[in-house]
Each structure stands twice: as structure tokens, then as C-alpha cells.
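S.K.: based on what follows, work out the 3D shape:
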Amino acid sequence: MHLHKLSLWRCKIWFEPAQNTRPSSRFVFPSTRKRRTYERMHTSTLLLVGVLSFFLCTLGQLSFEAEDDLTPLTQTPVLASSLKVIKDASACLPAPYLYVTLHHYPNVIKYSRDGCLLSMSVLGDGQLEMGNVELRSMYISAESQRLYIANAAAGNHQVLVYGQCGSAVATHNNNGDDDDDAYSRKLLGVITNKKKNHGADHAYGLALDEHQNVYASFQHTDVVLRFSASTYEEMSFPPSLRAHKDQEYYAGTFHQFGKPGVHDTTEQGVRGIIVVNRALWVANEDIGGIAIIDMKTGLVTDIIMLDEPIGLFYSETHKLVFASSKAKHMEGRVVSIDVKTLRIINEYRSAKMTHPTGVVVHEDTLYVAEQFLGHVFAFDIFSTENLGKVIEKLPGEIEQIVLSEC
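M.R.: A predicted model of the protein is given here:
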């Protein structure tokens, strides 16, 4: 049982040592001193009962945490030696595989869709350094098979691009075993970082349009930047921004929420982004919804209200967008949205879901990364049935998942 953090919100004991602590008027005291003595005894008794009740509730909470395994994960750096890569994957599900990013781990982890650990080192040569990494979203181009990845580490904000599977040199994991070397990816370059572009602060979401132009969202500047497919240079402003010459937008800005350079540290800002029918969908916790932005004009055409949205995935087969929504007290959920009507069709929940992040779909199965517990859940898209945990207790806070054919 881990006791790193307790969900003591269940212990709802309220004290109001106010005007009603005075005894009933039917009691008659011969002196003011005795009356005050009684009041102090009465108040002390209430406080003692309250403390004992809170203590008993806390013990009950510890038991509840141990029984149901609801303890959130800590910020401890992930050690590759704590996991064991499977040597014979013949009994595991074939491609597509699940790529996973964790906080504080400088690489991408690869699993089969039934939970077999296949690789701890998707990123080959040119991998990031431990302690200077906070990997967030990933995007794999269906056309080039390149892997784009966001790094939100303080002082090392980056958007990177890696090559196809097998483009990197052989790697070894910390167990001394050969990893899935044939599928490692080579670092091709850094598309942007905060030194090059001050708008690139705390990278999060990634998407590509039909021309392979790259879009990246940044939480601490409330902006979505756009980069050319051929050169990865910042692209020109859309018409909606060119009309506001009084504002000094970051180079490559596609859409700015609020004013450039104005960001409250308490705000979560923009999160996941996806391209749907020539519109960019942007999950924005601060507006409490998903903004739909026309890709020609850069203007917001609709907002779908959803509390604290994080991850987005578009299933072209089902014509549905899947969006994760975090909430306290295990009330997180994922919803499916009809792209024509923009209405929520279904919602997917687990009794323990609090902080769902990454979402992907393969055929009729929805996979959901749950950061609070470190699990990846599977759901039936149509019945919304929870099919169980595909990956259990990852050794760190899971951020995003993506499907890869290799």
C-alpha cells in the first residue's frame, strides 16, 4: 500500500464552534465564572469528539486506499530497470502498438495492445537526457511515418521529429538486454524550442494537416504555432491575425488565446489538438471546452463545452472525436462527439477514473490513459463497456498514448 497521498475529501467533518455552543437557558448558573467554565468544557468536548472522528475516518480512508488501490503515483523518476521487456512476443497482439510517454522518463515506451512490454527505447540515438525531459503528446505521420514529440521540461521546451522505425542505431536497456532495436527511431531534428521562439513554452499538443504542416500547442503561452512541412520554419499568420497589427504575435502563430505574453500561472492553457475536416480542434481548460478553429481564417467557429479537456483523438472511420476530461474525486470521463452535429454521443467512465489524458481508437476499441493510477483502460466504443485494464500500474505518471505500426 502506498501512502504518498490521501484522498481525505471523504472525511467530511465540519466544525462550527459558534453561537450554539452556549448551554440551554434552562440551566441557571450562580455565577458568570461557572458559566464560562461550562462553556469551555462544552467546546473542548466538541473538539475532542471531532478530532477522534477525523482520526477514525482517516484510518478508514487508509483501508479504502489499500483495498481499492486508489493511490496516485508520485513524481519519482522512472527507472528502466524496474520493468522487464518481454523476449518472446509471439503470444502478444500484433500491430498497431501503443507508444506511451511518462513524466520524467527520457524515452517512449512501447506496449502491445494487450499489455506486453516490447521496448523501453523507441527513441534511439539522440534520446533525451534524464532530468531534462517531460514528454507530452506524440503524433505519427501516416504519410512519412515520422514521429513528432513534445517536450515540456523547464528550460528545455522543444518539439522534436524522429525518423521511421529502424532508422536509429541499436540500443540497450538498463537490464543489459537487447531492446526492440530494429524499431528504434533516429532523431532528425528540433522543429522549435523556446530559445528560437519565445512562444514555444511548455509544449503539449501536436497535429499535422493534409499538407503535413505541423501544429503545436503550448500551455504557458496559450498559443498554437504552425510550421512548414518542407522546412519546419514558422508559417505566416492566418488572415484573422493579420488584421490585428497592434498585437505582437509570436512567429508562426496560428491562433492565440488571449493576448500574447499574458498568462496566469494558475491557468492550464491549451492541451491536445487534432485536425478534423480542415478545422483545428483545440482542448482548452481555461475556456472550459474545445475550440474549433477554421484552418483558412484562423477564427474560432464553435466551442464545445467540456470541463477540463485534455486529450483528443479523431476516428475518421466512426466520424467521432474522443475527448478526455479530468475531474476531482474520481469523476473523470471520456466523451465521444459527433463531428457533424458537435453533440456528445457517449461517455466512458471507470469507477476510479480521475485524470484521463491520452485517448486513441483501434477498430471498435477505445484506449484511455489514466494518469492518476497509471493504467491504460480499454472500452467498447458502442456499448461503452469498460473492458478492463490493458496496462497496469506504469511506474510513473502517464501523459499520452499513440498507435504505431512498428
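S.K.: point out where the stretch 101-250 of the chain drops to low pLDDT.
M.R.: For the stretch 101-250 of the chain, applying pLDDT under 70 flags the ranges 125-131, 169-183, 246.
S.K.: the residue lying closest to residue 393 once chain neighbours are set aside: how many residues sit nearby?
M.R.: For residue 393, ignoring the flanking residues on the chain, the nearest one in space by CB to CB, 6 or more residues apart in numbering is residue 374 at 5.3 Å. C-betas here are computed from N, CA, C, even on glycine. Applying other CB atoms under 10 Å, we find 20 residues neighbouring residue 374.
S.K.: same check, this time on residue 244
M.R.: As a measure of burial, residue 244 has 11 neighbours, counting by other CB under 10 Å.
S.K.: so how far is residue 84 from it?
M.R.: Here the distance between residue 244 and residue 84 works out to 55 Å (CB to CB, to the nearest Å).
S.K.: repeat for residue 116
M.R.: Taken as CB to CB, the span from residue 116 to residue 84 is 11 Å.
S.K.: repeat that for residue 312.
M.R.: Counting by CB to CB, the separation of residue 312 from residue 84 is 33 Å.
S.K.: who's more crowded, the two?
M.R.: The neighbour comparison of residue 312 against residue 84 (other CB under 10 Å) goes to residue 312, with 24 against 12.
S.K.: just to be sure, that one is in a strand?
M.R.: Yes. Using DSSP: H, G, I helix; E, B strand; the rest coil, the assignment for residue 312 is a strand.
S.K.: when you give positions from now on, start the count at 420
M.R.: In the new numbering, first residue 420, that becomes residue 731.
S.K.: I figured it hits residue 744, correct?
M.R.: No. Residue 731 lies out of contact with residue 744 (CB atoms under 8 Å); the separation is 10.8 Å.
S.K.: centroid-nearest residue for the protein?
M.R.: residue 776 (3.4 Å; CA atoms, centre = their mean).
S.K.: that one is in what secondary structure piece?
M.R.: Per DSSP states H and E, residue 776 falls inside strand 775-781.
S.K.: buried set for that strand?
M.R.: Under the neighbour-count criterion of 16 or more other CB atoms under 10 Å, strand 775-781 has 775, 776, 777, 778, 779, 780 buried.
S.K.: what mean pLDDT does it get?
M.R.: Per-region confidence: strand 775-781 scores 98 on mean pLDDT.
S.K.: same check, this time on stretch 797-809
M.R.: Confidence over stretch 797-809 (mean pLDDT, whole number) is 97.
S.K.: can you point out the buried residues in that stretch?
M.R.: In stretch 797-809, counting by 16+ other CB under 10 Å, buried: 797, 798, 800, 805, 808, 809.
S.K.: and what of stretch 618-636?
M.R.: The neighbour-count check on stretch 618-636 (16+ other CB under 10 Å) flags 618-627, 632-636 as buried.
S.K.: which SS state does the closest residue to residue 679 other than its chain neighbours fall under?
M.R.: In space, and not counting its chain neighbours, residue 679 is closest to residue 668: 5.4 Å by CB to CB, 6+ apart. Three-state call for residue 668 (three-state DSSP): coil.
S.K.: is it true that residue 668 touches residue 657?
M.R.: No. Counting by CB under 8 Å, residue 657 is not a contact partner of residue 668; they are 10.4 Å apart.
S.K.: related to what we said a few turns ago, list just the nearest of the buried residues of strand 775-781 to residue 705.
M.R.: Residue 705 lies nearest to residue 776 out of the buried residues of strand 775-781, by CB to CB, at 17.3 Å.
S.K.: next, the spatially closest residue to residue 528 that is not a sequence neighbour: secondary structure please.
M.R.: Nearest residue to residue 528, sequence neighbours excluded (CB to CB, 6+ apart): residue 519, at 4.5 Å. When classified by three-state DSSP, residue 519 comes out as strand.
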